[in-house]
Each structure stands twice: as C-alpha cells, then as structure tokens.
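J.: The amino acid sequence is not available; the structure is as follows:
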C-alpha cells in the first residue's frame, strides 16, 4: 500500500479551499496594516493623535511600533482603552472595551514580531477636522484675556468671560470645551452668564468627550448670554498662561426636545479620618415622565466606587450604572444603549463610597477629615444626569440621542471629511 505525499496532499487541499484550520493559523501572519490598524482606528486614535489628550499618536506603523509591547500589556490588563462600568449593569453605546478577539489579534501581532504588512492592506485612516472633536465649529468663543498661571501654590477657581454675546436664542447640537494649555488646566466648565453650576453647559475634564446630540435634540442658549469659563488650574513649577475656548455646532433641524442636565449632589458631608469605607447618598426626583440618556459620576482622590440606581414609584429598583473602581483621570458620560423611560416621581439614587485611609495610595492625608471642596484633596459627590421629557415628538424614539464623538465622524454628522 502506497502512502500519500503529505506536501502534495496539503497543496491539493489548499487549491480546493480545504486547508486545515491549524495550518492556516500557522501560515497567516498578523500584520499592522491588515489586522491591527483597523482596531486602533476604531478604538484608539480618537485620543491617540496629535493635539489630543493621549501622550503619543497611533495613526501609523512608525508611531505604533515602539509602543508595541506596552500596548500588548495594556490591552491584556484591559487598562486601555479605559472603561470602568461594571458589565453586569447596563449597556452603553460608548462602551470602549475591546472584544476578546481584538485583544487576541493585538497580542498575536506583538508576539509574532509586530510586522508592518503590505501598504495595500492598510485602511484609510480617520480624518479629523482641525483638532476639534465636534468637527469644524460654527462658532468658537475664547477667553477675553490670557490667564496667568503662577509657577507654584494653590490656585483658587476663577470664572472668566469669553468674547462673544449671543444676540438671539440659539439651539446648539454640539459643544466642546478645549483647554488652551492642557498642562495646567485640570478642568474647564462652560457656564451661562452668572457662572452658576446650575446653568452649566459642558466641561473639559480628563477623559470627558465633547457633547453631541442627534438632530431634533439640543440645548438652548438664551439671547443676551455671554459664556463664562469656570477654570481649575494646577501649578506645574513654571509660570505660564492659558486661553481656553468653547466650540459650538448649531442645530441643523428644528429642536423638538430640549436636553436637560441635572446634578444629583450631596455637599453636606464629612468623611472621617482613617476610614476605608464611608458611604454618602444623594437623590433626585424626576419631575415628569422622562427618558434618562446618560450618567456621569464625579468624585475626587478618595473616591472608591459609586452606583446610580433608578427607583420607580412602585418601589422597583434598577441599577443603571456601577463603577466598582473609581478613577479620577477618566470621567466619562456613560451613554445608555437604550434610554431608561421613567415615570414622573421616580428617584435617581446616587451612592458613593470613599476611602480616607492609608490603604488608598492617592490619599493626600488620611489623618484629616474631608469635606466638600473644589480642590482635588477635598471631595465632591456629584452625578450628572442627562434627560429629556417625554413629548409627542419623541414618544416612540428609543434610540440614544447622545453620539460619541468618534462615531459622529463615521456617520458624517460632524463633518467626517475633515472640512
């Protein structure tokens, strides 16, 4: 009995499309151009590009290759892209987690030598308009004067005017706050005339993206308004200046539903010293039948975890968002895949836990009690809730109204052609 030639058998099987899966895996090299670039373009380059918050760009092979090992480690640990919502509660349209398959592809690419691959396999990289997350703004307002940031010391919050007054009532569909000097701007809050947080529009903060809504939804800026910027600066050892800006996209269609932002807050607290788990609770009662679209928790360095729960009038409870490990450096709006429709009278309960003990590596001083305050060594207990009232125009609209900025380019809403 004659034995088949193994090499000839494999050749015949390949020509017939019957190549064994194991052999395919061995022969198919993972490359940057074909396999890795699409993952980075979809999930990473929105931040990892020139002029954005990430410390280096990932737009091409030359920029990515030196970071290959570090990227492998960060995706395996699921540190990048950063995302902190507990997957057991809620589903979010801006979820940044990579799939198991995407992680496996990146790991294989690095382990196999991080090959570049053929230029013909490289997809067209995303194009961004002038550095703005919202595309080219219809209007940019700028602080009237540069602010001098001292080299040292504690810098109190300061509220500064911008150089434009809205002559008419204006509906906006997108807003972005951009720091003039990222090194010294901890956060920048765009507010209406009086600088009151109740009248806040949007802010720049670590990890927080621009705000974009679908056509038909938006926020109204009344005639006569001058935008102010509430600035929180950090000294960096060298005297410098900052001149921050706010960009707007105007509504392209009539707005049938105003987007409202409510802060659920408890400022009357004291966290005792040397305590690992101190709980604080706040709540907000919905004044009308509504949909809740997005939630943004806020704490400082002693923040440990937080939970936002919907309590309906019948007593039923639904956890909408749980962050088991708070990270002050990444403060997202978590945008619900399906907005939560809630009856009038429902409560949004916000429960936070703080660690004011030596076990907290970020704790500036565990021997001192901690109260509400603006500076990061003090504390806050805040939950921003974006919601809309149910009306005849949106009664059957169950899709998310808040669009992640990176997806706005994909849909063409914000001028993805870069103009």
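T.: Arrived safely. It should be emphasised that the depicted structure is a prediction, and the values quoted were computed from it without experimental measurement.
J.: need the strands for the stretch 251-400 of the chain, in chain order.
T.: Applying DSSP state E, counting those that start in this stretch to the stretch 251-400 of the chain gives strands spanning 257-258, 260-265, 270-271, 275-285, 290-298, 303-311, 317-323, 334-342, 347-356, 370-371, 382-389.
J.: Same list, the ones you listed, but as JSON lines with mean pLDDT please.
T.: Listed next are the strands of the stretch 251-400 of the chain as JSON lines, based on pLDDT from 0 to 100:
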{"stretch": "strand 257-258", "mean pLDDT": "96"}
{"stretch": "strand 260-265", "mean pLDDT": "93"}
{"stretch": "strand 270-271", "mean pLDDT": "98"}
{"stretch": "strand 275-285", "mean pLDDT": "97"}
{"stretch": "strand 290-298", "mean pLDDT": "96"}
{"stretch": "strand 303-311", "mean pLDDT": "97"}
{"stretch": "strand 317-323", "mean pLDDT": "97"}
{"stretch": "strand 334-342", "mean pLDDT": "94"}
{"stretch": "strand 347-356", "mean pLDDT": "98"}
{"stretch": "strand 370-371", "mean pLDDT": "98"}
{"stretch": "strand 382-389", "mean pLDDT": "95"}
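J.: Select, out of those, the one closest to residue 35.
T.: In terms of Cβ to Cβ, the element of those nearest to residue 35 is strand 334-342, at 27.5 Å. Where you see a C-beta, it was placed from the backbone N, CA and C, and this is true even at glycine.
J.: Would you mark the buried spots in that closest one?
T.: 334, 335, 336, 339, 340, 342 (16 or more other Cβ atoms under 10 Å).
J.: Next: stretch 30-49.
T.: For stretch 30-49, by 16+ other Cβ under 10 Å, it's 30-37, 39-49.
J.: Same question for stretch 206-213.
T.: Buried positions in stretch 206-213, judged by neighbour count with 16+ other Cβ under 10 Å: 207, 208, 209, 210, 211, 212, 213.
J.: How about stretch 274-286?
T.: 278, 280, 282, 284, 286.
J.: was I right about the second one contacting residue 267?
T.: Pointing back at residue 280 there. No - applying Cβ atoms under 8 Å as the test, residue 280 and residue 267 come out as separate, 9.8 Å apart.
J.: any common contacting residues for those two?
T.: Overlap of the contact sets of residue 280 and residue 267 (by Cβ atoms under 8 Å, 6 or more residues apart in numbering) consists of residue 381.
J.: For residue 89, which non-adjacent residue is spatially closest?
T.: residue 319 (4.3 Å; Cβ to Cβ, 6 or more residues apart in numbering).
J.: and that neighbour, bridged to which residues?
T.: Residues in a beta bridge with residue 319, per DSSP bridges, are residue 309.
J.: Who are the contact partners of it?
T.: 89, 90, 307, 308, 309, 310.
J.: and it, how far is that from residue 71?
T.: Using Cβ to Cβ, to the nearest Å, one obtains 33 Å as the distance from residue 319 to residue 71.
J.: In the protein, which helix is the longest?
T.: The residue-count maximum for a helix in the chain (DSSP state H) belongs to helix 100-111.
J.: Name the residues that touch it?
T.: By Cβ under 8 Å, 6+ apart, the residues outside helix 100-111 that reach it are 30-32, 35-36, 39, 43, 68-69, 71-72, 75-76, 78, 98, 115.
J.: These in helices, which ones?
T.: Per DSSP H, those map to helices at 39, 43, 68, 69, 71, 72, 75, 76.
J.: since we're on the fourth one, how many residues are nearby?
T.: Translated: residue 69. Residues near residue 69, counting by other Cβ atoms under 10 Å, number 11.
J.: Phi, psi for residue 396 please.
T.: phi -110, psi 10 (degrees, to the nearest 10).
J.: how close does it get to residue 291?
T.: As for residue 396, its distance to residue 291 is 11 Å (criterion: Cβ to Cβ).
J.: the more surrounded of these two?
T.: Counting neighbours by other Cβ under 10 Å for residue 396 and for residue 291 shows that residue 291 has the greater number, 23 against 6.
J.: what's the nearest residue to that one if we skip its chain neighbours?
T.: Using Cβ to Cβ, 6+ apart and skipping the chain neighbours, the partner closest in space to residue 291 is residue 339 (4.0 Å).
J.: which residues does the one you found contact?
T.: Residues in contact with residue 339, defined by Cβ under 8 Å, 6+ apart, are 291, 292, 293, 388, 398, 399, 400, 401.
J.: Which of those residues lies at the shortest distance from residue 237?
T.: residue 293 (41.1 Å).
J.: what's the neighbour count on that closest one?
T.: Counted with other Cβ under 10 Å, residue 293 comes out at 23.
J.: so what's it up against?
T.: Per Cβ under 8 Å, 6+ apart, neighbours of residue 293: 259, 335, 336, 339, 386, 387, 388, 400, 401, 402.
J.: make it 7 Å
T.: In this structure, residue 293 makes contact with 335, 336, 339, 386, 387, 388, 400, 401, 402, judged by Cβ atoms under 7 Å, 6 or more residues apart in numbering.
J.: Then residue 241?
T.: Residue 241 neighbours (Cβ under 7 Å, 6+ apart): 146, 147, 148, 149, 181.
J.: Listing request: residues of the stretch 1-150 of the chain with sub-threshold pLDDT.
T.: Applying pLDDT under 70 to the stretch 1-150 of the chain picks out residues 1-27, 128-130.
J.: same thing but 50
T.: Residues of the stretch 1-150 of the chain that meet the criterion pLDDT under 50 lie in 1-25.
J.: So which residues of it form strands?
T.: Secondary structure of the stretch 1-150 of the chain (DSSP E, counting those that start in this stretch): strands at 139-142, 147-149.
J.: so can I have a markdown table of those showing distance to residue 303 and mean neighbour count?
T.: Listed next are those as a markdown table, based on distance: least, Cβ to Cβ, whole Å; neighbours: other Cβ atoms under 10 Å:
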| stretch | distance to residue 303 | mean neighbour count |
| --- | --- | --- |
| strand 139-142 | 32 | 18 |
| strand 147-149 | 26 | 17 |
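J.: between these, which gets nearest to residue 223?
T.: strand 139-142 (14.4 Å).
J.: what helices or strands is that closest one leaning on?
T.: strand 158-165, strand 245-250 (3 or more Cβ pairs under 7 Å, 6 or more residues apart in numbering; DSSP states H and E).
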